[in-house]
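In: need a structure here:
(one chain, ligands or ions: 2)
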Amino acid sequence: MAEKSFKYVIIGGGVSAGYAAREFIKQGVKPGELAIISKEAVAPYERPALSKAYLFPEGTARLPGFHVCVGSGGERLLPEWYKEKGIELILSTEIVKADLAAKTLVSAAGEIFKYHILIIATGSAVIRLTDFGVQGADAKNIFYLREIDDADKLVQVIKEKKNGKVVIVGGGYIGLELSAALRINNLDVTMVYPEPWCMPRLFTAGIAAFYEGYYANKGVKIIKGTVAVGFNADSNGEVKEVKLKDGRVLEADIVVVGVGGRPLVTLFKGQVEEEKGGIKTDAFFKTSVSDVYAVGDVATFPMKLYNDIRRVEHVDHARKSAEQAVKAIKSNEEGKTIDVYDYLPFFYSRSFDLSWQFYGDNVGDAVLFGDNDPASPNPKFGSYWIKDGKVVGAFLEGGSPDENKAIAKVARVQPPAMNLDLLTKEGLSFACKI
Ligand code: FDA
Ligand code: NAD
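Out: Ligands and ions are numbered 1, 2, ... in the order given. Next up is the predicted model:
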């Protein structure tokens, strides 16, 4: 089998890979030095589009419209760009074996790739209900969403099951974004999740109450405090019913499951140090193995701001960690040093006419401010999180670009706030004066 050799190889062709490629070109790589090996059939794209405009009936997003780096206002890197720059884009190629000691990767088709420096950017895989043996979970029309092929399957079934019934399993990011996208397609949507409120890993009960009310007003039904324990299918094997733990049975033509992701690190098990489910890195995304870096969802890295070690599954970090790793690789070659990664967590989501941003850490006491009436024509509200007398996190729904900048600054600066009642009263104006 043919063997190919590169100075730099990125394994994975998602968000991090695309931003890393751009940074390599900025820093200077020669044609033929860099390869990206991806299981997907398309050049790196902005994954967030898949759960939003990709599924909309109008204003639909399609490739090549959302290749990286348009999501952060940058140049759109079309497949031709990689060719022009001499970057080898090796698509539809899954790596099934990685030998970090021998600096060798092997694809499913048996091709061998050698590298001098490796960047691991394999992202996450969805957790499937079949992983924990939920009865009937392999029925047809039960969907997950991670890659563009998954989104295409959803687009197809939306066409086939016009005005049909959808059950969304999970109340996190995928649950909230997909129930909105499918409702916009005029499907009858019911969400089911085990927690007392949606998105509990970020939202407080107060924040969640707004979204649950807003979704209900849009016609999305919500069933909380229970889980799907089984599925019934018809004679074609297509899902027809979802059985809940509390005994209820829901009709369904389509089921979408969003019960979390898991970083794709199995190829490297036992070869590299792991922590918190990811590959442990330093502040330059260097792993415990020399010449091997890990970025994006798979990296567990030092979060300087909180003197902690964390993994982040969001696009802003995927972009920035990739850039940091490439800068570190190039500066190392030149015998120079760069600053350590000093990341301020930034998460966001959009659904229906809503749009929120969050910066910082959601720990300590939380206060809610602003107009959080789900029936408001222009709701604008937020939350601050206060720990040890300092504001450490800030959330804002419906903010303008300047207001979002202001909450980002608050989370970075961590101003003192001793009086929580006053903070509630001041609301957004507290952030705007920092
Ligand atoms: P990413 O998943 O982007 O890329 C990994 C790549 O590696 C894929 O191309 C995969 O096929 C490939 N790969 C994996 N194993 C391989 C192997 N063995 N061989 C070859 N290739 C392999 N975040 C946010 O902040 N705001 C948002 O709105 C959204 N929205 C959103 C929607 C949807 C549907 C998803 C799934 C995720 C989001 N996210 C998000 C999260 C964000 O997209 C995510 O954190 C980044 O894409 C992570 O970037 P990575 O490059 O680490 O992985
Ligand atoms: P998530 O962790 O956000 O949410 C999973 C949800 O499923 C939680 O509410 C959880 O309690 C619930 N759940 C767990 N087991 C369940 C069960 N058996 N039945 C019903 N509910 C169950 O994960 P996700 O929404 O699947 O997202 C997957 C990945 O994609 C994550 O990495 C996420 O960050 C990323 N993503 C991010 C965005 C964004 O940032 N806007 C959007 C989409 C996806």
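
In: Spell out which parts of the stretch 201-350 of the chain neighbour ligand 2.
Out: By C-beta under 6 Å from any ligand atom, the residues of the stretch 201-350 of the chain that approach ligand 2 are 227-228, 258-261, 313-314, 347, 349. In this view, the C-beta of every residue, glycine as well, is placed from N, C-alpha and C.

In: Filter these down to the buried ones.
Out: Listed as buried from these are 227-228, 258-259, 261, 313-314, 347, 349; burial here means 16 or more other C-beta atoms under 10 Å.

In: Among those residues, which ones lie close to ligand 1?
Out: 313-314, 347, 349.

In: Ramachandran coordinates for the spatially most central residue of the chain?
Out: With distances taken as C-alpha atoms, centre = their mean, residue 314 lies nearest the centre of the chain, 4.0 Å away. Main-chain dihedrals, residue 314, degrees, to the nearest 10: phi -140, psi 160.

In: who's in contact with it?
Out: Contact analysis of residue 314 by C-beta atoms under 8 Å, 6 or more residues apart in numbering lists 345-347.

In: quick check, nearest of these to ligand 2?
Out: Within the contacts of residue 314, distances to ligand 2 taken as C-beta to the nearest ligand atom reach their minimum at residue 347, with 5.3 Å.

In: So what sits opposite the closest one in the bridge?
Out: Here residue 347 sits in beta bridges with residue 358, as judged by DSSP bridges.

In: Any figure for the gap between it and residue 64?
Out: Using C-beta to C-beta, to the nearest Å, residue 347 is found at 27 Å from residue 64.

In: ok, now which ones touch the residue of the stretch 301-434 of the chain found nearest ligand 2?
Out: The nearest approach of the stretch 301-434 of the chain to ligand 2 comes at residue 313, 3.2 Å away (C-beta to the nearest ligand atom). For residue 313, the contact set (C-beta under 8 Å, 6+ apart) comprises 124, 261, 263, 297.

In: Spell out the secondary structure type for it.
Out: coil (DSSP: H, G, I helix; E, B strand; the rest coil).

In: Let me see the contact set for residue 372.
Out: Residue 372 sits next to 206-207, 209-210, 379, 381, 397 when contact means C-beta under 8 Å, 6+ apart.

In: Relative to ligand 1, which of those residues is nearest.
Out: residue 397 (14.6 Å).

In: For the closest one, which non-adjacent residue is spatially closest?
Out: Once flanking residues are discounted, residue 397 sits nearest to residue 356: 4.4 Å by C-beta to C-beta, 6 or more residues apart in numbering.

In: Doesn't the one you found lie inside a strand?
Out: Yes: according to three-state DSSP, residue 356 belongs to a strand.

In: how close does it get to residue 346?
Out: Going from residue 356 to residue 346 by C-beta to C-beta gives 12 Å.

In: out of the two, which sits in the more crowded spot?
Out: Taking neighbours as other C-beta atoms under 10 Å, residue 356 and residue 346 compare with residue 356 leading, 22 against 18.

In: Check whether the more buried one really touches residue 348, as I assumed.
Out: Yes: if you go by C-beta atoms under 8 Å, residue 356 and residue 348 touch, sitting 6.4 Å apart.

In: among the contacts of residue 313, who's most crowded?
Out: That'd be residue 297 among the contacts of residue 313, by other C-beta under 10 Å, with 29 neighbours.

In: quick one: it and residue 265 touch, right?
Out: No: if you go by C-beta under 8 Å, residue 297 and residue 265 don't touch, sitting 9.7 Å apart.

In: rewinding a little: rebuild the buried ones among the residues of the stretch 201-350 of the chain next to ligand 2 as TSV, extending it with pLDDT.
Out: As requested, those are exported to TSV (pLDDT from 0 to 100):
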residue	pLDDT
227	96
228	97
258	98
259	98
261	97
313	98
314	98
347	98
349	98
